[in-house]
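Asker: give me a model of this one.
(one chain, ligands or ions: 1)
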Amino acid sequence: MIQSISYKIRLYPNITQQIQLSKSFGCVRKVWNYCVECFNKKENIKSTTELRSEFIYMKEVSAGMLQQKERDFDQFKKQYFNKNRKTKLNRPKFKKKQDKQSCRFSNKSFKFDLIKHNNKIYLEKIGWVNCVFDRIIPESNKLISATISLLPSGEYYASILTEEDIQILLKTNRSVGVDVGLKSFLVTSDGVDICNPKFSYDNQDEIARLQMWRSKKVKDSSRYKRLSLRIAKLYQKISNQRDWFQHQVSNYLIQNYDVIAIEDLNVTGMVKNHCLAKSISDVGWSEFFNKLKYKSKWYGRSLIETGRFEPTSKTCSECGWINKDLKLSDREFVCQGCGVVIHRDLNAAINIKNLAIGINVATKRSLRECKSGEIDFVSLPVPYEMITT
Ligand SMILES: [Zn+2]
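Answerer: Residues are numbered from 1 along each chain as shown. The predicted structure follows:
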């Protein structure tokens, strides 16, 4: 199946190329901010050709890139006025120099040849830039675009968007329920417990120390900037570690199970709870679920979200008895209906799996009694929204 897939590579531009790139970022930002200004004043937007003759410095950067930005704004406008959108977009924002910088090259304005120019990528008006291809991009892939970005930590990356024919994975005939939490990153209904690495917790002392030093420096002085860079690098490290960890866990689930059931968590709502906000954003559930979503689409797996208000933690996975008085601090689930004692998260994970594959506790028991072998979940009705098929 043809799927969009992007390859991220690290770039090492030299000083001239860095200057040229920062000009490109600046011009792209200028075009975007110009569009936002026109949008706010309800004026017509001039074409980039007119803009380029008005602002001579824009001629120094690739024209395609500026047109691309204008097209992006058109897309944004369409989405902004789209009445069928589930969540309404906010008004467009001006881009600042301090934010993450990026610009996009269309497939005509960049190229690379892994045989002739090893570890180099050509960008229009910038030239051949050193880079590291740590993954091979198959030659059959259709190139769409390359987005160059500069992170606050001073690292340059190119994200090359391609269309690839991805082979779906073989069926494993296994399904799993996943309960995410703060104590454990996740517990599966098969009893796998993956602990929470707490990357930002490990680095927070160091960050706090650097921030304290920085607060004593004159703002925008060279020492202030040097410390800011160190802080940005630490944040970058945390984000890389978290990303790596989430890829490992999502790959594990995708490779081992056909059907993955997760709880539909209201992460934005939960972050508003100040006591837990820091730990919740540290875990990064939404990014993790995102990875699961696109990977299940790539590899032909089903990802099912169970309803947000299902009492998965409070229900006994054996008999269906509901413990209304279960507290967050109770780590064991003790059932007064059938007497089972089970780990709280494992109990929830089993409930999530049962909900997703359409077994309620009563039918589950009868299924087990008749021992009909593997439960054929495909033929069972799936009462909850299927995200992917
Ligand atoms: Zn029970």
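
Asker: can you name the helix or strand that the spatially most central residue of the chain falls in?
Answerer: Centroid-nearest residue in the chain: residue 287, 3.7 Å away (criterion: CA atoms, centre = their mean). Using DSSP states H and E, residue 287 falls within helix 285-298.

Asker: so what's the residue of the stretch 151-300 of the chain found nearest the ion up against?
Answerer: Residue nearest to the ion within the stretch 151-300 of the chain: residue 189 (15.9 Å; CB to the ion). Using the backbone N, CA and C atoms, a C-beta is placed for each residue, glycine as well. Residue 189 is in contact with 176-178, 346, 349-350, 352-353, counting by CB atoms under 8 Å, 6 or more residues apart in numbering.

Asker: would you mind listing what in the stretch 201-350 of the chain touches the ion?
Answerer: With CB under 5 Å from the ion as the criterion, the stretch 201-350 of the chain meets the ion at residues 316, 318-319, 321, 335, 337-338, 340.

Asker: just the buried residues of those.
Answerer: With burial judged by 16 or more other CB atoms under 10 Å, the buried subset of these is 316, 318-319, 321, 335.

Asker: could you work out the most separated pair of those residues?
Answerer: 318 and 321 (8.3 Å; CB to CB).

Asker: so how many other residues sit close to residue 292?
Answerer: For residue 292, the neighbour count with other CB atoms under 10 Å is 23.

Asker: does it touch residue 303 like I think?
Answerer: Yes - contact status for residue 292 versus residue 303: in contact at 5.8 Å, counting by CB atoms under 8 Å.

Asker: immediately after the helix or strand in which residue 229 is found, which helix or strand?
Answerer: Under the criterion of DSSP H and E, residue 229 resides in helix 222-256. Note on helix 222-256: by DSSP H and E, the next helix or strand toward the C-terminus is strand 259-263.

Asker: run the angle between that next one and helix 222-256 for me.
Answerer: Counting by axes from the mean of the first three to the mean of the last three CA atoms, to 10 degrees, strand 259-263 lies at 130 degrees to helix 222-256.

Asker: closest one of the contacts of residue 189 to residue 26?
Answerer: Proximity of the contacts of residue 189 to residue 26 was ranked by CB to CB; the top entry is residue 178 with 44.3 Å.

Asker: what's the spacing between residue 21 and residue 322?
Answerer: Counting by CB to CB, to the nearest Å, the gap from residue 21 to residue 322 is 59 Å.

Asker: actually, residue 96.
Answerer: 51 Å.

Asker: how far does the helix holding residue 287 sit from its chain's centre?
Answerer: Helix 285-298 has its C-alpha centroid displaced from the chain centroid by 7 Å (CA atoms, centre = their mean, to the nearest Å).

Asker: with stretch 14-23 instead?
Answerer: On CA atoms, centre = their mean, the centre of stretch 14-23 falls 29 Å from that of its chain.

Asker: just the C-alpha atoms of stretch 7-27, please, in PDB.
Answerer: Provided in PDB are the C-alpha atoms of stretch 7-27 (Å, rounded to 0.1, in the frame of the first residue of the first chain):
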ATOM      1  CA  TYR A   7      12.900  10.400   6.500                       C
ATOM      2  CA  LYS A   8      14.600  12.700   8.900                       C
ATOM      3  CA  ILE A   9      18.300  13.400   8.400                       C
ATOM      4  CA  ARG A  10      20.800  15.600  10.200                       C
ATOM      5  CA  LEU A  11      22.300  18.400   8.100                       C
ATOM      6  CA  TYR A  12      25.800  20.000   8.600                       C
ATOM      7  CA  PRO A  13      25.700  23.300   6.600                       C
ATOM      8  CA  ASN A  14      28.900  25.400   6.500                       C
ATOM      9  CA  ILE A  15      28.900  29.000   7.500                       C
ATOM     10  CA  THR A  16      27.900  30.400   4.100                       C
ATOM     11  CA  GLN A  17      25.100  27.900   3.800                       C
ATOM     12  CA  GLN A  18      24.000  28.700   7.300                       C
ATOM     13  CA  ILE A  19      23.700  32.400   6.400                       C
ATOM     14  CA  GLN A  20      21.800  31.500   3.200                       C
ATOM     15  CA  LEU A  21      19.500  29.200   5.200                       C
ATOM     16  CA  SER A  22      18.700  31.800   7.700                       C
ATOM     17  CA  LYS A  23      17.900  34.200   4.800                       C
ATOM     18  CA  SER A  24      15.500  31.600   3.500                       C
ATOM     19  CA  PHE A  25      13.900  31.100   7.000                       C
ATOM     20  CA  GLY A  26      13.500  34.900   7.200                       C
ATOM     21  CA  CYS A  27      11.900  35.300   3.800                       C
END
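
Asker: off-centre distance for it?
Answerer: Chain-centre distance of stretch 7-27: 24 Å, with CA atoms, centre = their mean.

Asker: about what we covered before: with pLDDT added, can I get the buried ones among the residues of the stretch 201-350 of the chain next to the ion in CSV?
Answerer: Putting these into CSV (pLDDT from 0 to 100) gives the following:
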residue, pLDDT
316, 87
318, 85
319, 83
321, 84
335, 86
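
Asker: now these as CSV including secondary structure?
Answerer: Formatted as CSV, those follow (DSSP: H, G, I helix; E, B strand; the rest coil):
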residue, secondary structure
316, coil
318, coil
319, coil
321, coil
335, coil
